[in-house]
Structure formats: structure tokens, C-alpha cells
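[1] predicted model follows, preceded by the sequence.
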Amino acid sequence: MLRLSGIEKHFSIRGTQKKVHALRGISLDFPLQKTTGIVGESGSGKSTIARILLGQYAPNKGYFAMGEAMSPFFSQDDWKQWRKRVTMVFQDPFSSLNPRLTVSESIQEPLIIHAEKKYSAKEREKIAAEKLELTGISASAANRYPHEFSGGQRQRIGIARALVTQPEVMILDEPVSALDVSVQAQIINLLVQLKQETSITYLFIAHDISVVRHLSDYTVVIHAGEVMEYGETKHVLSTPSHPYTQTLLQSVPEADPSPRKKIFTIAGELPSPTDVITGCSFAGRCPRVKQVCRDSKPEKSYRETGYFYCHFPLK
Amino acid sequence: MKFLTGLHKMSAPALTGIFFIVLISIFADFLASPVPVFVFHNASGEQIPASPLFDSVFKKGRQSYENLHFRDLAREGKIRAVFPLVAHSPYEPSLNEILVPPSGGRFGHYMGTDNLGRDVASRMIHGARNSIFVGFIAVGIAFVLGILIGSIAGYAGGWLDLLMSRLIEVVIVFPTLILIMAVLALLKPSLINIMVVIGLTGWTGIARTVRGEFLRRREDDYVVAARLFGASHFRLIFVHILPNSMAPVLVLAAFGIAGAVLTESALSFLGIGVPAPEPSWGDVLKVAQSYPDIAWWLAFFPGFFIFLTVVSLNILGEDLRRILSPR
């Protein structure tokens, strides 16, 4: 279990007392060796979760833990160990590879960092070549530079790099949202295939529900830095309990041209990240809103395989 | 050489020019000297060292070889010898050859002579070494200092950045030439002092550029990625940030060499440059200011070579900027 407990993160704005609340207290348990999708709009704090899990930001409150490792007690060395066990694939395949390193060098980097002298240069090259082949790129391309590859190929390289230390958890921060739709499918299939071959845990961050539906065992729906709903993907996405989940589902455009349905849009916008929210963060946009939603935070309510936070759930 | 294929069409001549000037400064001793390269026989049939020039350069006692007056011996037909391109010493004054205009022929003064009767061509060739040497070493010092201070400021940020940035501004505020003149007035104007002083005042531009690049690159995705894979500060700086920040720095260095050559010339022109009798381009130019209407060659040749060098380095710098910007 990878546990997030009460994680809050806010950023101070220079020259004011205001704070941008990215995460307003997130507690989640990610089951290991499963894929958990994290869904939400832009600005909902999805990526912040990833960045906190890898120590780019320190949370203002709360901690995360996996097995013996507990984040508040991490030393420099613990962080290094942690970053061997938890790796990340980045959203933008064009900017996340150093343009002056060959593909092979980029993939070897985590090995050089973590296994300093365990492998010789030759062995490292061999491992990098294996990972390249594993992600569907010919090993003969190992000595080429990132700009010689397409976006999809670069993302495969990014995945190979994240695989090379044989991590337990791989965080995928919108790994396909910068790619063409046809290439998206290839990358997702690659991820599915890798999942079958290893027992890795995926945390799949996406704003595209259809991608999450395809890949995830569990789904978390996040809104304005708070968890709205959590459960097995098949339940959450087929019979949502939270009105926000439903509106997200309805706003997915369909690939059916005949009846020109109006694409559903969510009324209003995310609450300002600088506001302190007393009630439900979705209250300002919810079609089922009542006064109580604005006044008090909804309690955690359980359903078949998960839970949600809503005063007036759909079922 | 992938690097060479991307050159602009003006870069080929510029590169060739710099290449030649560097070659000339390296081989100055063999290009301009009154000591012959080969001597076949002398008047009295004595055995003479096979190559007096090589011996004079590599062994001690150049003066003793020059005192043999090979040129006069050859002129009088007492020896048969092959002389270097310019068969004159840069130091040797000649009272009956003062301000001689350029002339051709054997032992001619191809670029004339100066107010002490010294051969200008020889002084230009030996001066190239001093001028170029000053340029490269001064910029080398500035380069190291600038990268060091700029990367500390840009990578560390916070109070260290504040401190370094103020330091940079303080140094920028000084009027460089005046500062150099003041320092050289206190110390003695030796070649090393000049290089160090130009280097110590010339690093600010590089430091500011490096700082800016570091600030920009520090949050680049691939740097963040490396950090999240556990890379050390050392690795982040030297594998990821610095190599991607080098392009504008190299451009600045090329311009910097040109600037240093000019500064050295200016100092020599003002009489506090490379100490006499050491030749430098600026030093030849200094003599010209006393004889503007009678000795055009004293101004023309050093001026022309300084111009050529500076323009070449600038073209090269401009081209480096273009080539090194990714894709």
C-alpha cells in the first residue's frame, strides 16, 4: 500500500498574504501492483500529488508512506532510495529528455545514480538497450539523440528510463496527453503490456477519462485539491456517486457523428485556489447543490468498492 | 566533423584567418629571425651548426647567434644560407634604417621599419604571439571565473545569488580601462599582469549569462526529471545544466578574445601594455601616433591585423551562436 495521509500543499504568493491551495488535505491508499487512475481537471492538483510523492515539493501537512518508508523521516539517503523505488514518466516527451545526451545515456542515468559501481559501462549500455527493446525501440537507435525521434518514440524512451531501476511504483503524469490520438493508443498498449510482464504499480494521472477507463483498476476523482470519489474503476465510471464524476463523464465528447448531441460542459469554474472552502468544493458548480453543501464539508460515505464525499449522492 | 558542416559562408575565411594568426604566433620564432634556417658553408670553410635557427630557438643564447650577423655575411657572399620569411629580429635597432618605408627584395623590410629602425614585419609576427596570447589567457581566466560565479548564483539562488549578483554589478560599474590602468600603474605592466587584469575585469558578462541560463534551465523538465530520479547537485550542474548553457557562453568567449586583443592594443597604445622591448600590435601602433604623416605603414599594418582578427572572431562568435542554438 502506498499511503497518502492528510496531505496539504499551498504555495505562498509573493507580496500578499494569500496562498494558492493546490491540495486541501488528501488521504488515499494506492493498492500496490494495481493501476490507480487519478482524474481531475487542470488545476485540480493531480500533478502536485506526483511532485510531492517524488519530493519536488514538501507538503505543508501530512505525509506519505510505503512499507517501512515514511516521508516525514526521510534523510537525503532515504530520498535517494525512494527515488529508485518510485519513478516518473513526464507529460512532455519533448522537454523531459536532455537534448545533449544520447537516448542510451538518458536511460542509463538512473542506473548511474543508484547503482554507482555495480555495473560496468558495458553492462549499463546492455541494460539500456534491453529496456529500449522492451519499450519497442530498436536497440540500434541507442546512440541517437532525442530530437531524432517522434513524440511517441520519445515517450517510449521516457518509459524505458523510468523502468531501468526496476521500480515498485511508476507515476505517469499525463503520459499521453501531449501525443496524437493514434500514438496514445500505442503507448497505452505498451503500458498494459509492461504491466502484465512486471508487477509494477502505476499511478496514472490523466484528465481524459476514456484513457483511465482503459488502464486503471482503481480511479480517484479529484476536484480543487480534494478527493471527490474513489473506488474500482468499473464502479466509479459506470455508476458514479458524486455529481462531479458524472459531469466529468458527460463532458467526454463521443465519436458518434449522427445525432449531433450537445457536448456537456460544466457550469462555472473551479473555485479560486486562493479561497478557503468551508463546504464542498464542487458546490459552486453542482446541479444538485443545496445550502448545506456550501456550509459544511460532506462526510466520507462508503459504497461497494470505494467511497465518496457528497451530501446528495446520485444513488 | 559535424561542427564544420553548419558553418556560415563567412566563417570559412574567418576561421582560416584566425587559424593563420594562431599558427603565426606559435611559429613566430621560425618565421621572423635574423638567424638562418640552414647554412651550407661559411667563408673560412668552418663547420657551422646545421640549423642555427633551431639551435637558437631551442638552446639558450639566441643573442649570441644574432651577434654572428649572418645577414651581413650572406650579403657579402661569405656564406650561403636560407633565411626565414622575414630575416630580421623584432628587437634589433638600426640607426641608419629609421622609418624606412616598406620594400621588397632579399632582406627587405616588407612592412617598413619603426622609429628605432626595427623591422615592422618581424615585430608584427612576434607581436601576434603576445596579442593573441593575451586574448586567449585573459578570456580563459574570465571564462572560468564567469562560469564559476554565474553557476553558483544561478543554481543556488537565494542570498548567495543576491551576493554574487551584487558582486557582478560592482565589477561592471568600474570603468574597465581606467581600472586596468590603475592596477598596472601600481603593479608593473608585465605580460602576465595584463592578462590577469583583463581576465579579472572581463568575467562579468559571462557570469551574468551563465546565471541567467542556470535560472532558466534549473526548472527545465529534463533537469527536474534528473532531480526526481535522484541526481546529485554535481550531476545536475555538470551533466544537465552546464552543457545546455554553454552555447551563449562560447559566443561571449569568442567576442571576449576580440575584446581582449583590442584592450591589449589600447593599453600598448597608451604605453602601459606589454613592456618594451617586447613587441605587440598595439605597441607598433603606438609608435605610429608620433609620425602620422610620414610613416603610414606604422599605422596601417597593425591596424589592419587588429581589424582582421577582431572581425574574424566576431564572425565566428556570431556563427557559433547560430550553430549552437539547438536545431
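    Looks like it came in fine.

[2] got the residues of chain A near chain B?
    A:54-56, A:79-80, A:83-84, A:87-88, A:90, A:92, A:95-101, A:109-110, A:113-114, A:147, A:161 (Cβ under 8 Å from any Cβ of the partner chain). Where C-beta positions appear, they are placed from N, C-alpha and C, glycine not excepted.

[3] among these, which lie within helices?
    A:79-80, A:83-84, A:109-110, A:113-114, A:161 (DSSP state H).

[4] looking at the residue nearest to A:Ala224 when sequence neighbours are not counted now. What's its pLDDT?
    Using Cβ to Cβ, 6 or more residues apart in numbering or on different chains and skipping residues adjacent in sequence, the residue nearest A:Ala224 is A:Ser281, 3.9 Å away. Looking at A:Ser281, its pLDDT reads 87.

[5] what's around A:Ser281, how many residues?
    25 (other Cβ atoms under 10 Å in any protein chain shown).

[6] checking it next. Helix, strand or coil?
    coil (DSSP: H, G, I helix; E, B strand; the rest coil).

[7] of the ones in helices among the residues of chain A next to chain B, which is the most crowded?
    Neighbour-wise, those (other Cβ under 10 Å) top out at A:Arg161, 29 neighbours.

[8] for that residue, give me its contacts.
    A:87, A:106-107, A:109-110, A:131, B:229 (Cβ atoms under 8 Å, 6 or more residues apart in numbering or on different chains).

[9] format those residues as TSV; extra columns: distance to B:Leu23 and pLDDT.
    Shown next, in TSV, are these (distance: Cβ to Cβ, whole Å; pLDDT from 0 to 100):
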residue	distance to B:Leu23	pLDDT
A:Thr87	52	94
A:Ser106	40	93
A:Ile107	44	93
A:Glu109	41	93
A:Pro110	47	92
A:Lys131	48	91
B:Phe229	47	92
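
[10] which helix runs longest in chain A?
    helix A:181-197.

[11] by contact count, what packs against that helix?
    helix A:151-163, helix A:209-215 (3 or more Cβ pairs under 8 Å, 6 or more residues apart in numbering or on different chains; DSSP states H and E).

[12] which of the ones you listed comes out lowest on mean pLDDT?
    helix A:209-215 (a mean of 87).

[13] can you list the low-confidence ranges for the chain?
    Let's take chain A. A:116, A:254-265, A:269 (pLDDT under 70).

[14] right idea, wrong chain: chain B
    B:1-10, B:41-50, B:60-61, B:325-327.

[15] tell me the SS of the residue minimising distance to the centre of it?
    The C-alpha lying nearest the average C-alpha coordinate of chain B belongs to B:Ile132 (Cα atoms, centre = their mean; 1.0 Å). Put simply, B:Ile132 is helix when judged by three-state DSSP.

[16] could I get the contacting residues of it?
    B:21-22, B:25, B:261, B:309.

[17] the strands in chain A, which residues?
    A:2-12, A:19-30, A:35-39, A:61-66, A:69-70, A:86-89, A:169-173, A:201-206, A:218-223, A:226-232, A:300-303, A:306-309 (DSSP state E).

[18] now do the second one against strand A:201-206, angle only.
    What it means is strand A:19-30. 140 degrees (axes from the mean of the first three to the mean of the last three Cα atoms, to 10 degrees).

[19] list the buried ones in strand A:19-30?
    For strand A:19-30, burial by neighbour count (16 or more other Cβ atoms under 10 Å in any protein chain shown) applies to A:21-26, A:28, A:30.
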